[in-house]
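1. whatever this is, show me its structure:
(one chain, ligands or ions: 1)
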Amino acid sequence: MTTTSQDVRAPLIRPMREDDLPAVALIRRDGFLDLDQRVLPRSAPDPLAPSEEASLGWQERTGFTLRHDPGGCWVAEVAGELVGFATSSVRELTWMLHTYVVLPVVQGHGVGKALLDAALAHGQGCLRGMLSASLDPRAVRRYRLAGFSLHPQMTFEGPLDRALLPVVDKVREGSAADVDLMNSIDRQRRGSAHGVDHEWLLGHARLVVSDTGTGAGYAYVSPQGGAQLLAATNRRTAARLLWECLAATPPGGSVSQQHLTAANEWAIDVGMAARLSLRPDGYLALRGMKPPMPYVHHGVFG
Ligand SMILES: CC(C)(COP(=O)(O)OP(=O)(O)OC[C@H]1O[C@@H](n2cnc3c(N)ncnc32)[C@H](O)[C@@H]1OP(=O)(O)O)[C@@H](O)C(=O)NCCC(=O)NCCS
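-> Residues are numbered from 1 along each chain as shown. Have a look, this model is predicted:
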């Protein structure tokens, strides 16, 4: 990119279009690769750019957000070139930030603030805000200055020893028929339903549900094992579902369970019982709400 820093201080912020998706996917690739190189611990494997398949999957999901929340999706242009973007959604009275990236050479000159302000305007009138923040000090500064509280997130990872898995009962496969139940649990746990997000999630992940006389909950299972999103009315049901998600780890595989907060010690206890390794991993940034529990938030849909 050949723009001067003076150009960068006056970006054009405009609504994202469907035909921007391939270009914003490249910005995401470059922004997160640069971030990983800056912040990952030395013990971590060398960061890699997402595969072509992963990039197309991300574009498909971002297209879904764009169709449902066109007012939450913005790009920044400098001298006719795309240099950054932010995507966000509103579900009931909660605003959620999905993806937010500025090209590394342009970072630190105010483009990010202009994009975040545009995305936040989509949530005007919302009572709550929620996002899963990276370790980037620039991002974290932006979120705190926008009034978000920063709750440390943790990740469990390591090879899964199947001998440690308990027998899990009272869990069944879920389907679209469970959407009302899931929306009701979400309203109790985080103040708003996922609504249309279930359309996307049901089409892209296995759903497991536990619904007994004493508690109810659900989880979307990651193909690599672990929960992409989990909500329950009590800890016992949540722990049962998390074990079911860990058991889905392919044989001989390692699991990475992200998005755990200190409010969810039931999940920390499951990971400890599975002898996985716990490490800090960014923040759950919240406005107008406390960390939901028992709950494992989705990295994009909250
Ligand atoms: C987060 C991101 C989108 C922000 O975009 P940006 O254009 O850099 O944002 P801005 O320049 O508006 O704001 C960055 C702030 O951090 C400050 N900053 C710059 N370098 C910094 C550093 N090393 N440590 C702390 N703060 C820093 C800037 O001065 C600015 O604060 P100010 O406006 O009060 O002066 C961008 O940095 C990025 O793409 N990061 C990598 C991907 C990422 O982590 N995305 C967020 C996912 S949750």
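
2. skipping its backbone neighbours, what lies nearest the closest residue to the ligand within the stretch 101-250 of the chain in space?
-> For the stretch 101-250 of the chain, the residue closest to the ligand is Gly112, as judged by Cβ to the nearest ligand atom, at 2.0 Å. C-beta here means a position set from N, CA and C on the backbone, and glycine is covered the same way. Of all residues not flanking Gly112 in the chain, Val102 sits nearest, at 5.0 Å (Cβ to Cβ, 6 or more residues apart in numbering).

3. quick check on the one you found: phi, psi?
-> phi -120, psi 140 (degrees, to the nearest 10).

4. who's it bridged to?
-> Gly84 (DSSP bridges).

5. run through the residues that contact it.
-> 27, 31, 76, 83-84, 111-112, 115 (Cβ atoms under 8 Å, 6 or more residues apart in numbering).

6. would JSON lines of the residues you listed with neighbour count, secondary structure and pLDDT be doable?
-> What follows is these, written out as JSON lines (neighbours: other Cβ atoms under 10 Å; DSSP: H, G, I helix; E, B strand; the rest coil; pLDDT from 0 to 100):
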{"residue": "Ile27", "neighbour count": "22", "secondary structure": "helix", "pLDDT": "98"}
{"residue": "Gly31", "neighbour count": "23", "secondary structure": "helix", "pLDDT": "98"}
{"residue": "Ala76", "neighbour count": "25", "secondary structure": "strand", "pLDDT": "98"}
{"residue": "Val83", "neighbour count": "26", "secondary structure": "strand", "pLDDT": "98"}
{"residue": "Gly84", "neighbour count": "26", "secondary structure": "strand", "pLDDT": "98"}
{"residue": "Val111", "neighbour count": "23", "secondary structure": "helix", "pLDDT": "98"}
{"residue": "Gly112", "neighbour count": "23", "secondary structure": "helix", "pLDDT": "98"}
{"residue": "Leu115", "neighbour count": "25", "secondary structure": "helix", "pLDDT": "98"}
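
7. all helices of the stretch 101-250 of the chain, in order?
-> For the stretch 101-250 of the chain, the helices defined by DSSP state H, counting those that start in this stretch cover 111-122, 137-145, 179-190, 197-204, 235-247.

8. return the residues of the protein in contact with the ligand.
-> 31-32, 35, 100-102, 107-113, 133-134, 136-139, 141-142 (Cβ under 6 Å from any ligand atom).
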